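Undergrad: below is the sequence, then the predicted model.
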Amino acid sequence: MQKLWDKKALFLHRILGDKVRLVGGCVRDYLLHKHFQDRDMATPLTPDEVVNLLEKHHVPHVDIGRPFGTIIAKVDGTPFEITTLRKDVLTDGRHAVVKFTKSWAVDAKRRDFTVNALYADVHGKIYDYVGGIEDLKAGHLRFIGSAKKRMQEDYLRLLRYFRFWAKFGERDIDPDVKRAIPFVMPFISTLSLDRRREEMFQIITGKRAKTTLNKMKKLGVLNDALLSIKFSKKQQKIILDKRLEKMLASFGFSEYKK
């Protein structure tokens, strides 16, 4: 079984101390016994404190997300996102203004899905502030709090929901999500093409692509802002290799209509 904390993660822990925990996808996938690559970290340390500790120990880092609390440390070429605990104080559906906090529970509640808000310390203890472990066991993908409110904070979360449901959802689409969809769909076209394209690419190349697209179609999510997406040349090659053109044409993707 893959280790949650590998040598590189442990190296960063020795530098940052017990105030750092792994968070999100790596913890979720570890509990599901699935392979994972990225190990994201969360900490109550401020970005300045993180940078000072990294520089003290001569750890290369990229300081591109400091206003949002994220510093990318590189250990032997492997990137680690280290993000200060935070909460959203202002959102407009595409961007957020954040405020740093010392509370793990507050940080958890600003995340999207319960199964993505799990933390693990170096001793192997899992911290769950929103019922993520229970949902993970039940195959229930749900937002933290109101689905409508969370998607209005960031419209992309609607597409993220279907991407994660395709991977982990064993139950039907959450009723709260179904009720929220009509309030969010008018704004999907305001998202950048890159963001829409990447989420849709993840959906159509996933294991349950057809099932997920059927759900999206039934719920009125496959609108022109998604069906008119032109995929990158690299993505098109992967779609061709997987022989997905016929399926995409059947759902009305304009790029694959004959």
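TA: Perfect, I can see it now.

Undergrad: next one: the nearest residue to Ile238 once chain neighbours are set aside from Leu240, what distance?
TA: Of all residues not flanking Ile238 in the chain, Thr205 sits nearest, at 6.3 Å (Cβ to Cβ, 6 or more residues apart in numbering). Glycine gets a C-beta too; all of them are placed from N, C-alpha and C. Separation of Thr205 from Leu240 (Cβ to Cβ, to the nearest Å) stands at 11 Å.

Undergrad: same deal with Glu170?
TA: Glu170 sits 31 Å away from Leu240, going by Cβ to Cβ.

Undergrad: same deal with Thr190?
TA: 30 Å.

Undergrad: and the pLDDT for Asp241?
TA: For Asp241, the model assigns a pLDDT of 87.

Undergrad: neighbours around it, how many?
TA: Other residues near Asp241 number 9, with proximity taken as other Cβ atoms under 10 Å.

Undergrad: ok, so what distance separates it from Ser232?
TA: According to Cβ to Cβ, Asp241 stands 14 Å off from Ser232.

Undergrad: how about Thr101?
TA: Distance from Thr101 to Ser232, counting by Cβ to Cβ: 37 Å.

Undergrad: likewise Leu45?
TA: According to Cβ to Cβ, Leu45 and Ser232 sit 37 Å apart.

Undergrad: next: Val20.
TA: From Val20 to Ser232 the distance is 35 Å (Cβ to Cβ).

Undergrad: same question for Phe80.
TA: From Phe80 across to Ser232, the span is 27 Å (Cβ to Cβ).

Undergrad: look at the two and report which has more neighbours.
TA: For Phe80 versus Ser232, neighbours defined as other Cβ under 10 Å are more numerous around Phe80 (21 against 12).

Undergrad: ok, and the closest non-adjacent residue to that one?
TA: Closest residue in space to Phe80, ignoring its immediate chain neighbours: Ala73 at 4.8 Å, by Cβ to Cβ, 6+ apart.
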